[in-house]
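*Asks:* Need a 3D model of the following:
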Amino acid sequence: MLDAGAAHRVRERVSSSQTAGGARASAPAGGEKTMDEAGDVTPESAGADSKPRVTYVGHGTVLIEMDGVRILTDPSLRRWTGALRRYGPLPDPATARHIDAVLISHLHLDHLDPSSLRMVSKSAVVIGPPLVGRTIHRVGFKTVIETRRETVLHVGDVDVVAVHAAHTKRRWVLSAPTEPLGFIIQGSATIYFAGDTALFDGMDDLHDRIDVALLPIETWGVRPPEGRHMSPRTATKALSLLKPRVAVPIHWGTLYLPGSAYAGKQATYAWFQKTRKRPEEFAALAAEVAPEVDVRLLDPGESLTVEPREPADQGGPAGGDVAGGDVASDDTAAGAPAAR
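*Replies:* Numbers count the residues shown, from 1 in each chain. Okay, the predicted model is just below:
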């Protein structure tokens, strides 16, 4: 179990002579990003917000703002990602600005999109599984860190812990395999970004006090293949294992495959209405199985403000409140209205 005081954590050591594709990190350039040998990254964005904030951008993309650090997960920011099309308005361009770290959970195109990454400040540090550097070496990031499970990296006052995920390991059918990851982001709150995963043994030992769990509940289609993804029902089982204060379903209602059943505006809207039932199903099941968990349904572009734990509660059982779960989003970022 990784808790707030774990002394056995492995620190990622970074040498400026190593390269992104073959080792752990590319060398910082231009003084825009500094990293010491303990794996510390100095954030570019100063101004700390008063409370942690989570914005569901869509699919696997979440903006996490905490303790003066801005972290973006699995950026998917364009209208098209390969053959997949984004439903609804594009994200607010400000989403990709002043990013301190980008977390890549695995190498699939809908989670590792080089064109979306080109929209992010190149002074951001990219953290992902082995081979991520080889995949994005032409995008132009100053620092790319290839990491493994139970490694801790420090971005300003925030710790980023790589953890296990159960998902397919190849970008393409014939690509070299590499392990998928989830991440625990620890600061004044503890946030679990599951990436793309199925249930796995040991999920209940990831952390002893998760404030917000960001859990995928489908694929870019409508029926998730069990064993590689979570459905609303299996994500509910994850709540029983993780015991978070708050859960936010992600990986729904954003990307679809044009043609076949999704052709035309009316059919596409019908697809959204159908996929919109997934988080509602998750919330209903969670109310039965884990009623102590506060489930918040965020449409793409909506945000959640997290009340940090009191210092006395840092090592103890979960507690506290979450406010602002349905903060109105900018018109350029919001998806279709929620049907709660």
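*Asks:* Quick one: end-to-end distance for stretch 73-90.
*Replies:* Using C-alpha to C-alpha, to the nearest Å, the span of stretch 73-90 from its first residue to its last is 16 Å.
*Asks:* in it, what counts as buried?
*Replies:* 73, 74, 75, 76, 77, 81, 84, 85, 86, 87, 88, 89 (16 or more other C-beta atoms under 10 Å). C-beta coordinates here come from the backbone N, C-alpha and C atoms, glycine included.
*Asks:* quick one: which of these sit in helices?
*Replies:* Counting by DSSP state H, no part of the buried residues of stretch 73-90 is found in helices.
*Asks:* Select, from the residues you listed, the two members most distant in space.
*Replies:* 73 and 85 (20.7 Å; C-beta to C-beta).
*Asks:* Poorly predicted segments of the stretch 201-340 of the chain, please.
*Replies:* Applying pLDDT under 70 to the stretch 201-340 of the chain flags residues 220-229, 259-267, 308-340.
*Asks:* what about 90?
*Replies:* By pLDDT under 90, the weakly predicted segments of the stretch 201-340 of the chain are 201-208, 217-231, 251-278, 307-340.
*Asks:* Then the stretch 51-200 of the chain?
*Replies:* In the stretch 51-200 of the chain (pLDDT under 90), the answer is 58-60, 77-89, 106-112, 114, 121, 130-138, 142, 148-150, 165-180, 195-200.
*Asks:* how about the helices of the stretch 101-250 of the chain, start to end?
*Replies:* 114-117, 132-135, 232-242 (DSSP state H, counting those that start in this stretch).
*Asks:* Tabulate those helices (CSV), appending mean neighbour count and distance to residue 216.
*Replies:* CSV is the format used below for these (neighbours: other C-beta atoms under 10 Å; distance: least, C-beta to C-beta, whole Å):
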stretch, mean neighbour count, distance to residue 216
helix 114-117, 18, 18
helix 132-135, 22, 19
helix 232-242, 20, 7
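*Asks:* With distance to residue 203 as extra columns, can I get those helices in CSV?
*Replies:* Shown next, in CSV, are the helices of the stretch 101-250 of the chain (distance: least, C-beta to C-beta, whole Å):
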stretch, distance to residue 203
helix 114-117, 28
helix 132-135, 23
helix 232-242, 5
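*Asks:* so who does residue 241 touch?
*Replies:* 199, 203, 204 (C-beta atoms under 8 Å, 6 or more residues apart in numbering).
*Asks:* Just the buried ones out of the residues you listed, please.
*Replies:* Buried among these by 16+ other C-beta under 10 Å: residue 203.
*Asks:* what's the closest of the contacts of residue 241 to residue 184?
*Replies:* residue 203 (11.9 Å).
*Asks:* Quick check: the gap between the spatially closest residue to residue 161 that is not a sequence neighbour and residue 141.
*Replies:* Distance criterion C-beta to C-beta, 6 or more residues apart in numbering; nearest residue to residue 161, sequence neighbours excluded, is residue 184 at 4.3 Å. To residue 141, residue 184 is 23 Å away according to C-beta to C-beta, to the nearest Å.
*Asks:* Nice, that's everything, thank you.
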